[in-house]
Each structure stands twice: as C-alpha cells, then as structure tokens.
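A predicted structure for the sequence below; I have some questions about it.
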Amino acid sequence: MARIALKVDVDTLRGTREGVPKLLSMLAAVQAEATFLFSLGPDHTGWALRRVFRPGFLKKVSRTSVVSNYGLRTLMYGVLLPGPDIGRKGAAEMRAAAAAGHECGIHTWDHVYWQDNVRTRDAAWTRRQMQHAHRRFVEIFGTPPTTHGAAGWQMNDDAFLQIDDWGMAYASDGRGTAPYIPTVAGKPCRHVQMPTTLPTLDELIGVDDLTEDNVHHALLRLTEGPGDHIFTLHTELEGGKLAPVFERLLAGWRAQGHDLVSMATYYRHLDRTDLPQLPVTWGEIAGRSGELIIQP
C-alpha cells in the first residue's frame, strides 16, 4: 500500500487556535495520521508584507485570498499590532494534537523572521533561533521534538547541522521527489531529508483553470500510481477556508487505497542504505515566489 505522509505546517496564532482543532477533527474522521510542525515563538505575519517587491509574490497572492485565509488581525501582527507569543497562547491546541496521537515537531521560532533571513545568516544566528524553538517545544510537550520542517522551505548549512546535533533521524525541509541524505561541505549529514513531493493547494489554485472546486482532481491525478508522497498543508488554509478541499482530498486518497501517515511512520518504512547523498541546493518551484531548498 502506498503511503502519503501528511505534513501540517502551523504558521500563525490563528492557525494554531482555529486550524489545528479543525484539522484534528477531519483527520479523526478518516483515521489518518499527520505530523504537526509548530511555530513556537512570536507571530510576526505582518512582516511578510515587505515581500511585495519580490518577483512573483504579487502574482501568487493575487491567486489566493490572503485576508480571508489569514485574517486581517493576523496580517497586522508586527506592523500595527504586537506579535503575540504563539507558544504561550496556543499551547493547549498544540498539546491536543499530541494527545490525539499525531507526531509533533518544530516548524520555527519566528516564521517570517526565519523565512526572510536564514539563507544569509551565520551559524550563531541560526542556532540561536533553532534553540529558542527547541526549548519552547520541550516546555510545552515535556519531551524533545523528533523532527523539523523549515518555514518556507528555507535553510542554511548550519541549520542542517543543527538537526544532526539534535539527534533527529529525519526532517522535511525542502521540496523534491524522494528521500535522500543531504551533504554539507561535501560531508553527509546523519539525518534523512524527506522532501515535500506534491504541490501545495496555494501553488495550484488559480493556475490552468484550477479552482477551489476542482483542484483536488489535479492532486489526485498525481497520486494515482504507485509510490509514496509527502503532502504539506497549512492550518491557515486546509484548516480554514480550504477545509472542504482537504476533505475531498482525504476521501480521494482513501479511495485510491493510500495509507495516510505521519512522517515518523513514513520514515520507519525507509531503507537508509539505498538513499542517495545529495548536496544542499536552491531553486524555484512553480507557483511559489523566490528560491527554496530543492532536491538536485
């Protein structure tokens, strides 16, 4: 049976408080596992407005309703309103995901700050940000995290090395086609990268006549054949306005015979001895602005 690992990125306070409970209900209805990756520090979503001059950014946001997906208040965090502490205000919802049997891991400390800066920052900055998130995770869950999934699929060499230093066996920090072992400065890391293999809903909607009503058909066509996949969803989207789309996807994947699993379960079925060693690489993905970590 082919597996689809459900990787849930939780970017904002609203996504934590409102999107997580909604997704837990949908996943329970089809007996699906998932990995929830949490933003654990301040919500500075409003800082993302500075990306307006980035090539492709306006084209992307014009295809999706940013205000309805994220909420006007969230878009003011860090601009006209102070950024709330997600880990403090959303801890109960985070623990509820673990209590429901789902794997929980680190997304980031400060989502926009990491996404917009990590590529050019040094080891000290990188490890400080990651340790902030790690300490908060332990405070909330009482146990170290098992995995990491980078905000915006943005990393640097020191971030990959920090994952090794934490002793994590696997992470999902980029985009690609299949698991591999990343190399930094020509040396293989000790952990496995399991990249997101399917396009996200916000990358597809508004392209080639795809809408909220039919986009699930496009994704289901990509999972018709054999082979495992990792699908990234967001609590602000699939746990909000796009919940009906995700429900259709869950039903479609079940009808195709897929096992819907967490990243932990996905990893347990891997044979590390067969995995290629590949260098950390940057590139573009259709439907998304800017460069991100990709599988070479």
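Okay, I see it.

Could you list the low-confidence segments of the stretch 51-200 of the chain?
When the per-residue scores of the stretch 51-200 of the chain are filtered using pLDDT under 70, the ranges that remain are 51-72, 76-78, 80-81.

can you map out the helices along it?
Shown for the stretch 51-200 of the chain, the helices assigned by DSSP state H, counting those that start in this stretch span residues 57-63, 66-70, 72-76, 86-89, 91-99, 111-117, 123-141, 157-166.

Is residue 145 in contact with residue 134, as I believe?
Yes. The criterion here is C-beta atoms under 8 Å, and residue 145 meets it with residue 134 at 6.8 Å. Yep, even glycine has a C-beta here, placed from its N, CA and C like the rest.

Find residues that contact each of those two.
Between them, residue 145 and residue 134 have 106, 166 as joint contacts when contacts are counted by C-beta atoms under 8 Å, 6 or more residues apart in numbering.

So which of the helices of the stretch 51-200 of the chain is the most surrounded?
The highest mean neighbour count among the helices of the stretch 51-200 of the chain belongs to helix 111-117 (a mean of 22), with neighbours defined as mean count of other C-beta atoms under 10 Å.

picking up where we left off before, can I get the helices of the stretch 51-200 of the chain in JSON lines with distance to residue 26?
Formatted as JSON lines, those follow (distance: least, C-beta to C-beta, whole Å):
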{"stretch": "helix 57-63", "distance to residue 26": "24"}
{"stretch": "helix 66-70", "distance to residue 26": "17"}
{"stretch": "helix 72-76", "distance to residue 26": "21"}
{"stretch": "helix 86-89", "distance to residue 26": "21"}
{"stretch": "helix 91-99", "distance to residue 26": "13"}
{"stretch": "helix 111-117", "distance to residue 26": "23"}
{"stretch": "helix 123-141", "distance to residue 26": "22"}
{"stretch": "helix 157-166", "distance to residue 26": "29"}
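
out of those, nearest to residue 20?
For these, distance to residue 20 was read as C-beta to C-beta. The smallest value, 4.5 Å, belongs to helix 91-99.

What is the closest one packed up against?
The criterion is 3 or more C-beta pairs under 8 Å, 6 or more residues apart in numbering; DSSP states H and E, and the helices and strands that helix 91-99 contacts are helix 20-29, strand 35-39, strand 103-108, helix 123-141.

Quick one: the ones you listed as CSV, columns for distance to residue 165 too.
What follows is these, written out as CSV (distance: least, C-beta to C-beta, whole Å):
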stretch, distance to residue 165
helix 20-29, 28
strand 35-39, 19
strand 103-108, 13
helix 123-141, 8
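
quick one: which of the ones you listed is nearest residue 159?
Of those, nearest to residue 159 by C-beta to C-beta is helix 123-141, at 5.3 Å.

And the closest one, how far out from the chain middle?
The chain centroid and the centroid of helix 123-141 are separated by 17 Å, computed with C-alpha atoms, centre = their mean, to the nearest Å.

Check stretch 115-124 too.
In terms of C-alpha atoms, centre = their mean, the centre of stretch 115-124 is set 18 Å apart from its chain centre.

Kindly state which of the helices of the stretch 51-200 of the chain is positioned closest to residue 5.
Residue 5 lies closest, by C-beta to C-beta, to one member of the helices of the stretch 51-200 of the chain: helix 91-99, at 15.4 Å.

between the helices of the stretch 51-200 of the chain, which one is nearest to residue 246?
Nearest to residue 246, of the helices of the stretch 51-200 of the chain and by C-beta to C-beta, is helix 66-70 at 13.1 Å.

can you give me phi and psi for residue 176?
Backbone geometry at residue 176, expressed as degrees, to the nearest 10, gives phi 180, psi -150.
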